[in-house]
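Trainee: Turn this into a structure:
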Amino acid sequence: MTKTRRMLSQDIALVDVVIELLDARIPYSSKNPDIDELASHKRRIVALNKADLADPAKTAAWVKYYTDKGYSVTATDSVSGKGMEEIADIARVQMRDKVERQKSRGRVFAPIRAMVVGVPNVGKSTLINKYTGSSATKAADKPGVTRGKQWVRIRKDFELLDTPGILWPKFDDKNVGLRLAFTGAINDQILDRIESAAAFITLMREVAPEAVKTRYKIDFEDDAPHEILEKIARARGFLLRGGHLDLERTAIILLDEFRAGKLGKITLEEPREDPDD
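Mentor: Residues are numbered from 1 along each chain as shown. From the prediction side, this is the model:
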């Protein structure tokens, strides 16, 4: 974590704008508080990525929430590219005064420099790859840039540092950790998959109970989470030798299908859950 913070701090010093990607399904849990400190002196854009997988009404509520906190916010889908032009537009507005000052001093071409940060599996690589398509070109090395770092010219006036910050999640709240696990930000192999799936079912009973019932064609009222997982296993025919239920496979499928949006457009937390409010 110390090494990551140091490297990230060095990269942030090279840019004008920091684009912070949050997972639209968990906009609070996927926000690392370290960024507020490390990028406090930079222009900031918050992008609620994977908005195509989230509840649109709740995404709108989160956009308002972070906007009210003073951030420039947009909802994006880095796979389709939706919202990505808006990120560049926001950056241009944020940097308009600086660009004009540079032009007045004779620097006619003054591109905006930006970088992307976020927790693992939030879509940083997909966003950057979408930006750096076949039309993108490598920009010339700039003074003060650490050896090996290069800029990619996305537009005539917009450049992206091609080594995005890798920011590991920092959390003390167990619920934050669980939600990061549900969305795949934490490696599944270090967790008990069955227990994670049971915890996911518990949360789904609160936020979208009909989604599980509809997807797996099962019914439940007062069933315990593990009993619901067993019902899903039976519905899918996941059996081991001897007729025992394959709960491990069931847990993997349940979380994979949530992450792929097969349970529907679901957001796991709302702005009122922010303990800072």
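Trainee: Check what pLDDT residue 76 gets.
Mentor: pLDDT recorded at residue 76 is 95.
Trainee: That one and residue 85 touch, don't they?
Mentor: No. Using Cβ atoms under 8 Å as the test, residue 76 is too far from residue 85 to be in contact (9.9 Å). Quick note: C-beta positions are derived from backbone N, CA and C, even for glycine.
Trainee: of the two, who's got more company?
Mentor: residue 76 (26 against 12; other Cβ atoms under 10 Å).
Trainee: The residue lying closest to the more buried one once chain neighbours are set aside: neighbouring residues, count only.
Mentor: Leaving aside its sequence neighbours, residue 76 sits nearest to residue 83 (Cβ to Cβ, 6 or more residues apart in numbering; 3.4 Å). Residue 83 is flanked by 18 other residues according to other Cβ under 10 Å.
Trainee: ditto for residue 94
Mentor: 19.
Trainee: For the nearest residue to it once chain neighbours are set aside, grab the count of nearby residues.
Mentor: Once flanking residues are discounted, residue 94 sits nearest to residue 43: 4.2 Å by Cβ to Cβ, 6+ apart. Using other Cβ under 10 Å, residue 43 has 19 other residues around it.
Trainee: Mind listing the residues bridging to residue 43?
Mentor: residue 17 (DSSP bridges).
Trainee: list the contacts for it?
Mentor: By Cβ atoms under 8 Å, 6 or more residues apart in numbering, residue 43 lies in contact with 16, 17, 18, 72, 91, 94, 95.
Trainee: Could you do residue 109 as well?
Mentor: residue 157 are the contacts of residue 109 under Cβ under 8 Å, 6+ apart.
Trainee: measure it to residue 99 for me?
Mentor: For residue 109, the distance to residue 99 equals 10 Å [Cβ to Cβ, to the nearest Å].
Trainee: same deal with residue 152?
Mentor: 19 Å.
Trainee: now swap in residue 212 and tell me
Mentor: 50 Å.
Trainee: So between the two, which is more surrounded?
Mentor: More crowded of residue 212 and residue 99, by other Cβ under 10 Å: residue 212, with 22 against 18.
Trainee: Can you give me the neighbour number for the closest residue to the more buried one other than its chain neighbours?
Mentor: Leaving out its chain neighbours, the residue that sits closest to residue 212 by Cβ to Cβ, 6+ apart is residue 204, at 5.4 Å. As a burial measure, residue 204 scores 22 neighbours (other Cβ under 10 Å).
Trainee: for residue 206, same thing?
Mentor: 8.
Trainee: I'd guess it is in a helix, am I close?
Mentor: Yes. According to DSSP: H, G, I helix; E, B strand; the rest coil, residue 206 belongs to a helix.
Trainee: Where do the strands of the protein begin and end?
Mentor: 17-23, 43-49, 72-75, 112-118, 137-138, 151-155, 158-161, 165-166 (DSSP state E).
Trainee: Among the ones you listed, which one carries the weakest average confidence?
Mentor: strand 137-138 (a mean of 48).
Trainee: List the contacts of the residue nearest to residue 212.
Mentor: Residue 204 neighbours (Cβ under 8 Å, 6+ apart): 211, 212, 263, 266.
Trainee: Pick the most deeply packed of the strands of the chain.
Mentor: strand 17-23 (a mean of 26; mean count of other Cβ atoms under 10 Å).
Trainee: helices and strands around that one, which ones?
Mentor: Identification of packing neighbours for strand 17-23 by 3 or more Cβ pairs under 8 Å, 6 or more residues apart in numbering; DSSP states H and E yields strand 43-49, helix 84-94, strand 112-118.
Trainee: got the contact list for that strand?
Mentor: Outside strand 17-23, the residues that reach it (Cβ under 8 Å, 6+ apart) are 12, 29-31, 35, 39, 42-50, 76, 78, 87, 91, 94-95, 112-119, 122-124, 127, 183, 185.
Trainee: rerun at 6 Å
Mentor: For strand 17-23, contacts defined as Cβ atoms under 6 Å, 6 or more residues apart in numbering pick out 30-31, 35, 39, 42-50, 91, 114, 116-118, 122-124, 183.
Trainee: now swap in stretch 225-244 and tell me
Mentor: Applying Cβ under 6 Å, 6+ apart, the set of residues contacting stretch 225-244 is 197-198, 201-202, 216-218, 220, 245-247, 249-250.
Trainee: Can you report phi and psi for residue 119?
Mentor: phi -70, psi 160 (degrees, to the nearest 10).
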